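> generate coordinates for the sequence data below:
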Amino acid sequence: MTSPWTVDPTGDPGPGLFMKLEQAHEAALTDRIVRSGVRRLVQESWDRSLTLRLDPSKPAPERELSAEELRELRDRHPLAAVLPVVHNLLIRHAFASGLIVAIGDELGRLLWIDGDRVVRRKAEGMLFVEGSDWSERRVGTSAPGTALALDHGIQIQRGEHFSQLAHPWSCTAVPIHDPDTGAILGVIDITGGAEAVAPQTLPLVEAAVAAMEAELRIQRLSRPVGPPRTTRPHTAAVFAPAPMLPTAPIRTLPARLDVLGRDHGRLEDGTTSAVISPRHAEILTLLAWNRDGLSADRLSLLLTDQSNSVDNLRAEMVRLRRVLEQATPRIGIASRPYRLESAIDLDALRVLALLERGAHRVALGAYRGPVLPSSTAPGILEIRAEVSARLREAMLSDASAELLLEYARTDEATYDSEVWRACLELLPARSPKRASVVARLKRIEAELDPAGAAADARNLPQR
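Below you'll find the predicted structure:
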C-alpha cells in the first residue's frame, strides 16, 4: 500500500503528472474543487493555507530574522551541537546529488542551509534562505512547514506546494524531537529536483534524524554527574541537570576555548566556564594551534617578539597552571616543550575545519570576529590573519549571493570593496538588493578615495 506521507513511486514522474498537479492546485485555490490524484494530506494543507488567507502568487517576507537575530538563535539552539552529524550523513550526499539540506527550528525558521552551491543560489529565487520562515502559517504547504504541522516525515513535490514560487521544487522533511521530552526541536529538509523525493530519500533523512537525536542523548549523558565544584570568583559555574542512572558509556568531551571576537578567552569543560586573562588566552591559543608543542624560546618570541622574556614566560606559566587547576583541572600543560596534555576545542580551529568540509554557512555562523582582536602578540597576529584570510577566500570563491552578503555586512568585510563587488556580480539582474550594494560601494569609494569616487561610481552596474 502506498504511504500517504510519500510521493507515489509508481506514478508517472513526467510532465503529465506535473501538469495535473498544476491544474488541481489552480482548481483548489480558485474554485475550491479538489480533483482526483491529490493526496488528502496535501488537500487538507491547502485548506489550512487558504484559511490563513495566504496568497500563493506572492512570496513570503524575505527574512523573519535579522542577521544578528539569526546568529543569536543559532548560538543557543540545541541542534547546533549535532551539526557534524548532519554533515557526515546528508551534506556530502547533497553535494553529490544536486540537493540542498536545510535545518529549521520548531517554528519553521530556517537556521542553516548547505549543499549544492548552484541549487542554493536558485533556491534563493523562492526566498528559501537562512532566516526565512517556512512554516505553514507563512508559506502554506511545504515539506518543512507541513512536517512540523503534522509532526511527521513527509514528501512534497512540485505543484503540491501552496506557493507557486516553489512549484519547480520537490522536498522531503522530517521533524527532530528532544530525546528526553519528545518535544519538537526543529526540522530537517532536503530540497531539489526529483532526487529530493526519491523512495530512498525519506528513510535517509529519518536515519539522520535518529542519529541526531541519539547524539543529543549521548552528549547529555556525557556531562559529569554530581554536585558542582566550588569555583574561584573569576569563574562562572555552568551546571547541567544530572541524568538518571546512565546506562550508556560516558564520553569525555574536550574542553573548549573561545577566542574569536573577544579579548579575554573563555574556557568551558562541561561543568564550569571561566573567563581568563588576555595573556593566558594567548598562551592557550598558541598551544592549541601548535599541538606538537613549543619550546620556551619559541613560545616567548610568539608572545612578545623579545628574546629576553623567557623568565617572564616561566612565571606566567606558573600562574596559568594555577588558574587552570581551579577552572578546569582536565587541562594540563607539560614542559620541554610546552604542550597541552589534553586536546582543547579551539573555536578558531573549528571554523577552519568547517571551511575544509565545505560547510561555509556553518563556519560563518561560528565566526564571531578576529582572534583575540586586541592582542599584538606576533603569534596571535599570524593566527588571526590566517583564519580571516581563509574565511574571506572561501566566501569569495564558493558562497552564494545570500551568504556573501551576510559576510559583507560583518565588521571585518564592511569596507572590503572586492567582497561587495562580488556580491553585485552574484545577485540576479533584477534583485532589489543591488541598489543597496551599489550604494555601499559608492560610500566605500567616497570614504577611502574621495578623488576617484565619482569616476569609479560611474563604472558600477546599476541594474
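> by mean pLDDT, flag the weakest helix or strand of this protein.
Every helix and strand in the chain was compared by mean pLDDT, DSSP states H and E; the lowest is strand 235-237, with a mean of 31.
> give me the contact list for stretch 202-220.
5-6, 78-79, 81-82, 85-86, 89-90, 93, 153, 155, 172-180, 188, 190, 240, 243, 248, 251, 253 (CB atoms under 8 Å, 6 or more residues apart in numbering). Every C-beta, even on glycine, is put in place using the N, C-alpha and C of the backbone.
> swap that for stretch 144-151, please
Against stretch 144-151 from outside (CB under 8 Å, 6+ apart): 41, 45, 48, 102, 104, 106-108, 110, 134-139, 153-154, 156, 171, 173-175, 184, 187, 189.
> got any ranges where the stretch 351-463 of the chain has weak pLDDT?
The stretch 351-463 of the chain contains residues with pLDDT under 70 at 449-463.
> one more time with 80, if that's ok
357-359, 361-362, 448-463 (pLDDT under 80).
> now do the stretch 101-250 of the chain
220-250.
> of the contacts of stretch 202-220, which belong to helices?
Assigned to helices by DSSP state H, the following of the contacts of stretch 202-220 qualify: 85-86, 93.
> for residue 186, pull up the helix or strand it's in.
Under the criterion of DSSP states H and E, residue 186 resides in strand 184-192.
> chain center to that strand, what's the gap?
How far strand 184-192 lies from its chain's middle: 13 Å, per CA atoms, centre = their mean, to the nearest Å.
> just checking, what packs against it?
helix 92-97, strand 100-105, helix 117-123, helix 143-150, strand 170-177, helix 201-221 (3 or more CB pairs under 8 Å, 6 or more residues apart in numbering; DSSP states H and E).
> closest to residue 259 out of the ones you listed?
Of all those, it is helix 201-221 that lies closest to residue 259, at 22.8 Å by CB to CB.
> report the angle between that closest one and strand 100-105.
Helix 201-221 and strand 100-105 are oriented at 50 degrees to each other (axes from the mean of the first three to the mean of the last three CA atoms, to 10 degrees).
> show me the strands in the chain, by range?
Here the chain has its strands, by DSSP state E, at 100-105, 110-115, 154-157, 170-177, 184-192, 235-237, 255-258, 265-268, 272-276, 333-334, 339-340, 344-346.
> packed most tightly, which of those would that be?
For those, the largest average neighbour count (mean count of other CB atoms under 10 Å) is found in strand 154-157, namely a mean of 29.
> other SSEs contacting that strand?
helix 143-150, strand 170-177.
> can I get these in a markdown table including distance to residue 278?
Formatted as a markdown table, these follow (distance: least, CB to CB, whole Å):
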| stretch | distance to residue 278 |
| --- | --- |
| helix 143-150 | 43 |
| strand 170-177 | 39 |
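> okay, which residue is most central for the protein?
Centroid check for the chain by CA atoms, centre = their mean gives residue 362 as the closest residue, at 3.2 Å.
> what's the closest non-adjacent residue to it?
residue 354 (5.1 Å; CB to CB, 6 or more residues apart in numbering).
> mind listing what that neighbour touches?
Residue 354 sits in contact with 360, 362-363, 366, where contact means CB under 8 Å, 6+ apart.
> and the buried ones among those, selectable in PyMOL?
Command for PyMOL that selects the buried part of the contacts of residue 354, burial taken from 16 or more other CB atoms under 10 Å:
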select buried, resi 360+362+363+366
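> nearest to residue 303, of the contacts of residue 354?
residue 366 (25.9 Å).
> and for that closest one, nearest residue in space, chain neighbours not counted?
Using CB to CB, 6+ apart, the nearest residue to residue 366 is residue 351, at 5.2 Å.
> residues near the one you found, how many?
24 (other CB atoms under 10 Å).
> touching, it and residue 260? I think so.
Yes - assessed by CB atoms under 8 Å, residue 351 is found in contact with residue 260 at 7.3 Å.
> which neighbours do those two share?
Counting by CB under 8 Å, 6+ apart, the residues touching both residue 351 and residue 260 are 366-367, 387.
> got those as JSON lines, with distance to residue 304 columns?
As requested, these are exported to JSON lines (distance: CB to CB, whole Å):
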{"residue": "366", "distance to residue 304": "30"}
{"residue": "367", "distance to residue 304": "27"}
{"residue": "387", "distance to residue 304": "21"}
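> wait, which of these is closest to residue 374?
For the shared contacts of residue 351 and residue 260, the nearest to residue 374 is residue 387 (15.8 Å; CB to CB).
> contact partners for that closest one?
Taking CB under 8 Å, 6+ apart as the test, what residue 387 contacts is 260, 348, 351-352, 367, 370-371.
> show me which pair in these is furthest apart.
352 and 370 (13.9 Å).
> the more surrounded of the two?
A direct count of neighbours by other CB under 10 Å for residue 352 and residue 370 places residue 370 higher, at 22 against 16.
> quick one: contacts for that one?
260-261, 384, 387-388, 412.
> mind checking how far the closest residue to residue 287 other than its chain neighbours is from residue 288?
Computed as CB to CB, 6+ apart, the closest residue to residue 287 that is not its neighbour in sequence is residue 340, at 5.0 Å. Note on residue 340: its distance to residue 288, by CB to CB, to the nearest Å, is 6 Å.
> next one: residue 277
Residue 277 is 16 Å from residue 288, by CB to CB.
> more neighbours: those two, which one.
Using other CB under 10 Å as the criterion, residue 277 and residue 288 rank with residue 288 on top: 22 against 16.
> my guess is the more buried one meets residue 342, correct?
No - contact criterion CB under 8 Å: residue 288 and residue 342 do not qualify, at 10.7 Å.
> CA atoms of stretch 183-191 as PDB?
In PDB, the C-alpha atoms belonging to stretch 183-191 read as follows (Å, rounded to 0.1, in the frame of the first residue of the first chain):
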ATOM      1  CA  ALA A 183       9.100  18.000  22.200                       C
ATOM      2  CA  ILE A 184       9.800  19.100  18.600                       C
ATOM      3  CA  LEU A 185      13.200  20.800  18.400                       C
ATOM      4  CA  GLY A 186      13.100  21.600  14.700                       C
ATOM      5  CA  VAL A 187      13.000  20.000  11.200                       C
ATOM      6  CA  ILE A 188      15.500  18.900   8.600                       C
ATOM      7  CA  ASP A 189      14.700  19.200   4.900                       C
ATOM      8  CA  ILE A 190      16.200  18.100   1.600                       C
ATOM      9  CA  THR A 191      15.200  20.200  -1.400                       C
END
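> right, I'll leave it there.
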